[in-house]
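Visitor: Have a look at this fold, sequence not included:
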């Protein structure tokens, strides 16, 4: 496992202001020469070294001894704090200056868990510790945090008080609970989650070996629901990147939850191990199905997320390694803009890209054709038959009957995967001109 830098940087307003002349401008739409890396008033600056970054007065640096991996970040503008999950620590940092007035909670894994982890062959210092992977606002006075716990996932409610002046930041020992299905066991594994009301929706590996990947609903008062276990058509070695709730209408029962991840593509069979970026969709009011689908999602759908640029010869360069996702809220809360960061998986060309999608594009893609296997080579093709009503994968507040794709009533092994020609493509594309060697 790589040792991640134990330094956290915050780029303040003064730094952003100082950089504005180099960041604003036209968007690059193709591969540029190395000379384009130099900033000019008419072109965006695509690269900034750490040394140059240090020259800006607005850059603040926070260091924490014997820790690393500041992977879970939670912004609280009302309190003026940045909550951070790290290795063995929870941090509360001031937005004015992260290097001052910090509060921290030492949250290690219990000694017996660490010893058990070590006996299983894991590194006592790198693996058998508590990496905080999940951090959410639970209510006005508490956060909800989960960590790997030396391969014993655990979660806790963190008291933060009603307001900044309370100076409260502590874990309530009586409110520590099992974190299975919420945090991964292995610190190497990605996890993505979103807390909606009192329910946690998580994309995570739920077993010690890291083979049972699932999208799981927990907490709250409704039944826990997950994706099908060990079925590559649902999820195939996914790397979860982000999870977001987006309202569909004014009725909260119609709300959708979207998961962004990359995975090994089942429809690319015969081309080796190919990675595709995905967006998965499910309905919040899904209560699970019947028979083999008890406590399983009945509304889970996924489609490919395409980020590519055409070449001069007509071929396309695909950026399939999804790295990050950000939803920018607009005046219409039902239609945020979806910004994504990609890299390539090619050994020939290595680069990165930013693609922008709209929720209208995403909803349109999920209303497109389904994919199924057909023909002498049993290939994935668009399904041309009649799709039942209500449409599989949809649960409306006005409908009380749930449908699922994997039942005997569905024709020709119809699958909850959309075919490549109907995958989601971006409205806007920016290619990093830096080619990595």
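Guide: Noted; the coordinates are in hand. Source: prediction; values computed, not measured.
Visitor: going forward, measure contacts and count neighbours with C-alpha atoms only.
Guide: Will do.
Visitor: where's residue 67 relative to residue 150, distance?
Guide: From residue 67 over to residue 150 the distance is 15 Å, taken as Cα to Cα, to the nearest Å.
Visitor: who has more neighbours, these two?
Guide: residue 150 (31 against 17; other Cα atoms under 10 Å).
Visitor: Do you know the pLDDT at the more buried one?
Guide: With respect to pLDDT, residue 150 has a value of 94.
Visitor: How is it assigned, secondary-structure-wise?
Guide: coil (DSSP: H, G, I helix; E, B strand; the rest coil).
Visitor: residue ranges for the strands of the stretch 201-350 of the chain, please.
Guide: 213-219, 225-226, 239-246, 256-264, 275-283, 301-304, 308-310, 316-318, 321-328, 337-343 (DSSP state E, counting those that start in this stretch).
Visitor: who wins for proximity to residue 366 among these?
Guide: strand 301-304 (7.3 Å; Cα to Cα).
Visitor: Check the offset of that closest one from the chain's centre.
Guide: Remark: strand 301-304 is offset 15 Å from the chain centroid, using Cα atoms, centre = their mean, to the nearest Å.
Visitor: any idea of the mean pLDDT in that strand?
Guide: Mean pLDDT, computed over strand 301-304, is 88.
Visitor: Next SSE downstream of the lowest-mean-pLDDT helix or strand in the chain?
Guide: Lowest on mean pLDDT, DSSP states H and E among the helices and strands of the chain sits helix 13-23, with a mean of 31. Next along the chain after helix 13-23, taking DSSP states H and E as the criterion, comes helix 50-54.
Visitor: close enough to count as contact, residue 60 and residue 96?
Guide: No: the pair residue 60 and residue 96 fails to qualify as a contact (Cα atoms under 8 Å) at a distance of 9.1 Å.
Visitor: ok, the closest residue to residue 308 other than its chain neighbours to residue 342 distance?
Guide: Counting by Cα to Cα, 6 or more residues apart in numbering, residue 318 is the residue found nearest to residue 308 once chain neighbours are left out, at 4.3 Å. The gap separating residue 318 from residue 342 is 9 Å, by Cα to Cα.
Visitor: Could you check how far the spatially most central residue of the chain is from residue 160?
Guide: In the chain, the centroid-proximal residue (Cα atoms, centre = their mean) is residue 242; its distance is 1.5 Å. Distance of residue 242 to residue 160, computed by Cα to Cα: 25 Å.
Visitor: Over to residue 147?
Guide: 18 Å.
Visitor: What of residue 77?
Guide: 14 Å.
Visitor: got a list of what the closest residue in space to residue 159 that isn't next to it in sequence touches?
Guide: Once flanking residues are discounted, residue 159 sits nearest to residue 142: 4.6 Å by Cα to Cα, 6+ apart. Counting by Cα atoms under 8 Å, 6 or more residues apart in numbering, residue 142 makes contact with 157-161.
Visitor: what pLDDT does residue 142 get?
Guide: 92.
Visitor: Comparing residue 60 and residue 96, which shows the higher neighbour count?
Guide: residue 60 (19 against 16).
Visitor: where along the stretch 51-200 of the chain do the helices fall?
Guide: Taking DSSP state H, counting those that start in this stretch as the test, the helices found in the stretch 51-200 of the chain are 111-119.
Visitor: hang on, isn't residue 122 packed against residue 115?
Guide: No: with contacts counted by Cα under 8 Å, residue 122 stays clear of residue 115, the gap being 9.6 Å.
Visitor: intersection of neighbour lists for these two?
Guide: residue 128.
Visitor: residue contacts, residue 242?
Guide: Taking Cα under 8 Å, 6+ apart, one finds 191-193, 259-261, 324-325 in contact with residue 242.
Visitor: what bits of the protein have low per-residue confidence?
Guide: Applying pLDDT under 70 to the chain flags residues 1-44, 57-58, 164-165, 269-271, 347, 372-385, 387-437.
Visitor: Which residues does residue 154 form beta bridges with?
Guide: residue 147, residue 178 (DSSP bridges).
Visitor: I'd like to know how far it sits from residue 125.
Guide: 18 Å.
Visitor: Residue 92 versus the closest residue to residue 91 other than its chain neighbours, what's the distance?
Guide: Take residue 91 and drop its neighbours on the chain: the residue closest to it by Cα to Cα, 6+ apart is residue 104, 4.4 Å away. Applying Cα to Cα, the value for residue 104 to residue 92 is 6 Å.
Visitor: now residue 359
Guide: In this view, residue 359 and residue 92 are 33 Å apart by Cα to Cα.
Visitor: Counting neighbours, go ahead and name the busier of those two.
Guide: Legend: neighbour count by other Cα under 10 Å for residue 359 and residue 92, higher for residue 92 (22 against 14).
Visitor: So what sits opposite that one in the bridge?
Guide: Going by DSSP bridges, residue 92 forms beta bridges with residue 83, residue 103.
Visitor: Pull the contacting residues for it.
Guide: Neighbours of residue 92 in contact, by Cα under 8 Å, 6+ apart: 81-84, 102-104, 169.
Visitor: What distance do you get for the closest residue to residue 179 other than its chain neighbours to residue 123?
Guide: Nearest non-adjacent residue to residue 179, counting by Cα to Cα, 6+ apart: residue 154, 4.0 Å away. Applying Cα to Cα, the value for residue 154 to residue 123 is 19 Å.
Visitor: who's more crowded, the two?
Guide: residue 154 (24 against 15).
Visitor: Next up, the contacts around the more buried one.
Guide: Listed by Cα under 8 Å, 6+ apart, the contact set of residue 154 reads 146-148, 176-180, 183.
Visitor: Now distance to residue 222 and neighbour count too, for those residues, in TSV please.
Guide: Output for these, formatted as TSV (distance: Cα to Cα, whole Å; neighbours: other Cα atoms under 10 Å):
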residue	distance to residue 222	neighbour count
146	21	27
147	24	34
148	25	29
176	20	16
177	18	13
178	18	14
179	18	22
180	17	22
183	20	33
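Visitor: quick check, nearest of these to residue 348?
Guide: residue 183 (35.3 Å).
Visitor: Look up how far residue 131 lies from the closest one.
Guide: 9 Å.
Visitor: list the residues that contact both of the two?
Guide: 147-148.
Visitor: Give the ChimeraX command for selecting the buried subset of the contacts of residue 242.
Guide: Selection of buried members from the contacts of residue 242 for ChimeraX, criterion 16 or more other Cα atoms under 10 Å:
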select :191,192,193,259,260,261,325
